[in-house]
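>>> Everything below, folded, please.
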Amino acid sequence: METQIEYQGWEKTVDQQKRKQEDSEKPLIWHYGLVTLEWAEVLTDGGSEAACFKKIIEAAGQPALDLGCGSGRLLLPLLQAGLDVDGCDYSADMVAVCRERLAAEKITTNLINQPMHGLDLPRRYKTIFACGVIGLGGSKHLTRLAMRRVYEHLRPGGAFAFDYQVPWNDPPYLKGWLPENRRSLPLAWFPPQRNTLSNGDELETEVQIFSQDPLEQVSVHKFRARLWRDGQVIKEEIHTMKIEAYNKNELLLMLELAGFDNVEIYGDYSDEPATMDHENLVFIAWK
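Numbers count the residues shown, from 1 in each chain. The predicted model follows:
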C-alpha cells in the first residue's frame, strides 16, 4: 500500500511539473506591433488558400474555427460568403486588427485570443483549419499539444485542415542546414520591401535568417519593420520568430498521436494528391 501511495504521489508531482513546463513554454512569433500593419493593409488577399479552405469547410461542415486567424485574411472572405466561422489567434495585436477589419465591414463573429496549445473554447466545431500556422513558434512539443486540443474541440466526424510549406523545395532555407552555411549565420538582411499605407505612411520590412539547428529542426528568423513619414523613420521594431521544420511522415505521426486516424494530403491548395514537387501540403485529418 505504501508503494502505491508513493507511486501515486510521484505521478501527481510529474503531472504538476509537466503542466508548469507547458505553462512557461511559449511560441516565439513576430506578429506584433508594426508587423500587424503589413497584414492589415498589404497581405490581405486570401487567394488560393481562402478558396481551398472554403471548399474544405463546405465539405466537412460548420461551424468552423480559423485557428491562427491573424488579421482576418481568410476569415473575412469566409464570413462574407455567409459561412459560420469563429477566429482565434495567439497574438492579441493581430486579433485587434482583425476586429477592426470586421467592424469596418459590419461583420461580427467570435474572436478569441488564445494559444493553439491552450485552446479552451465552449464551442465544438465540424471544421478547424490553420493556414500558415503549423511550424511557427519553434516548439514541436507545443504543436503536438495543439493538435490534441484541436481533436478535443472537433465534433465527431469533423475535420482538422492545415497547410505546411515544405522545407525541401525552399533552396535558401535548406542550404542553411549545410555545415559551411549554418556556421556563417546570421545572413545579411534580405532586400527590404516598402509599401504605402492608407494614411500615406510607408512601411518597410526585411527579414534575416539568424540561426539554424538541423538537429532540432528549428530556425530563428528576425523581422525588422520601419515606419516612414515624410522621409523620416518615426518607428522601428525588430521581432524574432522560431520556425519548426517537419517532413510528411512526422506530421502524420503527430496527427495519429492526437487521435486522428484518417488523413488526406493534397498539393498546393488543389485536389491533386501531394507529391514531392509541391511547395505546400494541405492535410485534412478526420475525427
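>>> quick one: the helices in the stretch 51-200 of the chain?
Along the stretch 51-200 of the chain, the stretches classed as helices by DSSP state H, counting those that start in this stretch are 75-80, 92-104, 140-153, 171-175, 179-182.
>>> Tabulate these (JSON lines), appending mean pLDDT, mean neighbour count and distance to Met276.
Every residue, glycine included, has its C-beta placed from N, CA and C. What follows is those, written out as JSON lines (pLDDT from 0 to 100; neighbours: other CB atoms under 10 Å; distance: least, CB to CB, whole Å):
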{"stretch": "helix 75-80", "mean pLDDT": "97", "mean neighbour count": "21", "distance to Met276": "30"}
{"stretch": "helix 92-104", "mean pLDDT": "95", "mean neighbour count": "17", "distance to Met276": "33"}
{"stretch": "helix 140-153", "mean pLDDT": "96", "mean neighbour count": "20", "distance to Met276": "22"}
{"stretch": "helix 171-175", "mean pLDDT": "81", "mean neighbour count": "13", "distance to Met276": "13"}
{"stretch": "helix 179-182", "mean pLDDT": "87", "mean neighbour count": "12", "distance to Met276": "22"}
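>>> how about those, which one is nearest Val263?
helix 140-153 (11.3 Å; CB to CB).
>>> Mind listing residues that contact the closest one?
With contacts defined as CB atoms under 8 Å, 6 or more residues apart in numbering, helix 140-153 is touched by 22, 25, 27, 65, 67, 115-121, 123-125, 128, 134-135, 137, 160, 217, 244, 254-255, 257-260, 287.
>>> try 6 Å
Met116, His117, Leu119, Arg124, Ile128, Phe160, Glu244, Met254, Ala258, Gly259 (CB atoms under 6 Å, 6 or more residues apart in numbering).
>>> And stretch 127-140, end to end?
End-to-end distance of stretch 127-140 (CA to CA, to the nearest Å): 23 Å.
>>> which of the residues in it are buried?
127-140 (16 or more other CB atoms under 10 Å).
>>> again with stretch 235-252
Within stretch 235-252, judged by 16+ other CB under 10 Å, the buried ones are His239, Met241, Lys242, Ile243, Glu244, Ala245, Tyr246, Leu251, Leu252.
>>> Go through the residues you listed and say which is closest to Val233.
Scanning the buried residues of stretch 235-252 for proximity to Val233, where the rule is CB to CB, the winner is His239, at 16.4 Å.
>>> what bridges to that closest one?
Beta-bridge pairing of His239 under DSSP bridges involves Phe223.
>>> I figured it hits Trp30, correct?
Yes - checked against CB atoms under 6 Å, the pair His239 and Trp30 is within contact range at 3.3 Å.
>>> Spit out the residues that contact those two alike.
Phe223.
>>> Enumerate every residue touching Tyr90.
Taking CB under 6 Å, 6+ apart, one finds Pro115 in contact with Tyr90.
>>> mind checking pLDDT for it?
What the model reports as pLDDT for Tyr90 is 95.
>>> Any figure for the gap between it and Leu252?
Distance of Tyr90 to Leu252, given as CB to CB, to the nearest Å: 24 Å.
>>> go on, Ser184?
34 Å.
>>> go on, Ile134?
Separation of Ile134 from Leu252 (CB to CB): 13 Å.
>>> can you pull the contacts of the residue nearest to Phe162 when sequence neighbours are not counted?
Nearest non-adjacent residue to Phe162, counting by CB to CB, 6 or more residues apart in numbering: Ala130, 4.2 Å away. If you count contacts by CB under 6 Å, 6+ apart, Ala130 has them with Leu67, Gly68, Phe162.
>>> what residues are up against Leu111?
Contacts of Leu111 (CB under 6 Å, 6+ apart): Gly87, Val95, Arg99.
>>> so what's it bridging to?
Gly87.
>>> Same question for Asp213.
According to DSSP bridges, beta-bridge pairing links Asp213 with Val218.
>>> can you pull the pLDDT of it?
At Asp213, pLDDT is 92.
>>> burial of it, as a residue count?
Asp213 has 14 neighbouring residues, counting by other CB atoms under 10 Å.
>>> Name the spans of this protein whose pLDDT lies under the cut-off.
Where the chain drops to pLDDT under 70, the residues are 1-24.
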